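Undergrad: Here you go, sequence then predicted model.
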Amino acid sequence: MRWQALCVGGACVVVPLAMGACALVAPLDGLTGNEPDASRVVTVEAGSPDSKAPLDAGVQDTGALDMAVVDSGTFEHDGSVVDAHPDAATDASPTGPINFVQVATACPANSVTSVTARLVDAQKAGDLNVVAIGWNDTTSTIASVVDTLGNPYTLAVGPTHLGSDLSQAMYYAPDIAAAAAGDNSVTVFFNQAANVVDLRVLEYSGLDPAAPLDKTATGTGDSAGPATTAAVVTTTARELLVGAGMTTEGYTAGGTSFSMRVVTSDGDIAEDRTVSATGSYTASAPVSKSCEWLMQLATFR
């Protein structure tokens with residue numbers, strides 16, 4: 001026998017449901033939106049007290065979440081059916097805030113065939129790792145990107161080269177496994193010794209665990225900057241933009257609307273922002289003086 005819950009004036013009883021009828025479940029009250037305050041702009045460096053703050057250009061606050069999702073469908077607060085047969089892939093798409101979690105770097109001064117960066121804080125299952133690898137030659141190539149937990153890494157953009165001096169690629173691993181503090185490290189292997197490697201690893205929460213990558217772009221130049229990528233047009237309103245850049249001099253700050261997450265000892269940058277509307281976007285950052293520079297952008301939904 002199937003049952004239905006009838007709620008009147010706050011009191012609920014369970015009674016038999018006639019065959020052929022649809023069971024409606026009383027909606028849940030008190031759920032509220034949890035997107036970050038759009039007015040808050042955060043620019044921090046790794047290790048600062050605010051390094052886990054929500055990203056800038058925040059997602060619009062949708063206010064109260066006035067519905068409940070149950071096995072038999074999704075229902076409005078008044079009890080009307082929105083979707084009696086919800087699509088699992090659609091319903092599983094992230095809707096909460098996108099947050100920066102942590103950054104780890106490694107910058108060996110000599111030529112190396114591999115480089116490793118250890119993530120100091122705990123990692124949460126389902127988060128996204130984004131990896132930017134730069135090196136100062138154009139003859140070495142990346143053989144593989146791995147981590148201690150066996151998360152699979154996929155090339156997002158690159159390798160991008162400039163002259164004979166600069167090379168960079170970005171990789172990502174979605175839906176990562178959980179790790180205790182200090183228990184996960186990311187290692188990049190090269191086909192031969194690479195010159196002055198700069199590894200930046202960033203962790204984010206709130207992204208699609210299945211297929212987060214949306215668009216990518218690159219830009220190179222030999223000028224006073226700012227270093228800027230080509231524009232991309234995002235396909236979803238709620239996205240994370242991650243920019244990573246190399247230079248023969250150094251980056252001095254994050255680009256407009258971007259939070260600078262780190263400038264390494266080699267002068268290379270990792271930055272990010274969130275957006276809440278589809279549109280045309282670039283990644284940019286100022287350089288200290290006229291020099292060779294390279295910038296890459298990857299957007300994630």
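TA: Looks like it came in fine. In this text the structure is predicted, and so the values were computed from the model without any measurement. Numbers count the residues shown, from 1 in each chain.
Undergrad: Specify the beta-bridge partners of the closest residue to residue 151 other than its chain neighbours.
TA: Excluding its sequence neighbours, the residue lying closest to residue 151 (C-beta to C-beta, 6 or more residues apart in numbering) is residue 173, at 4.2 Å. To be clear about C-beta, it is placed using only N, CA and C from the backbone, and glycine gets the same treatment. For residue 173, the beta-bridge partners under DSSP bridges are residue 129.
Undergrad: mind checking pLDDT for residue 173?
TA: For residue 173, the model assigns a pLDDT of 98.
Undergrad: State the distance from it to residue 161.
TA: As for residue 173, its distance to residue 161 is 24 Å (criterion: C-beta to C-beta, to the nearest Å).
Undergrad: more crowded one of the two?
TA: Neighbour count, other C-beta atoms under 10 Å: between residue 173 and residue 161, residue 173 has more, with 24 against 15.
Undergrad: and that one, how far is that from residue 292?
TA: Going from residue 173 to residue 292 by C-beta to C-beta gives 30 Å.
Undergrad: Contact partners for residue 115?
TA: 106, 108, 133, 187, 188, 197, 199 (C-beta atoms under 8 Å, 6 or more residues apart in numbering).
Undergrad: show me what contacts the fourth one?
TA: Yep, that's residue 187 we're talking about. The contact partners of residue 187, by C-beta under 8 Å, 6+ apart, come to 114, 115, 116, 145, 146, 147.
Undergrad: So which of those residues is the closest to residue 224?
TA: residue 115 (30.0 Å; C-beta to C-beta).
Undergrad: which ones are touching residue 191?
TA: Residue 191 sits next to 140, 141, 142, 143 when contact means C-beta under 8 Å, 6+ apart.
Undergrad: Helix or strand: which one has it?
TA: strand 184-194 (DSSP states H and E).
Undergrad: thought residue 173 was touching residue 152?
TA: Yes: taking contacts as C-beta atoms under 8 Å, residue 173 lies within contact range of residue 152: 6.1 Å.
Undergrad: residue ranges with poor pLDDT in the stretch 51-200 of the chain?
TA: The model of the stretch 51-200 of the chain has pLDDT under 70 over residues 51-93.
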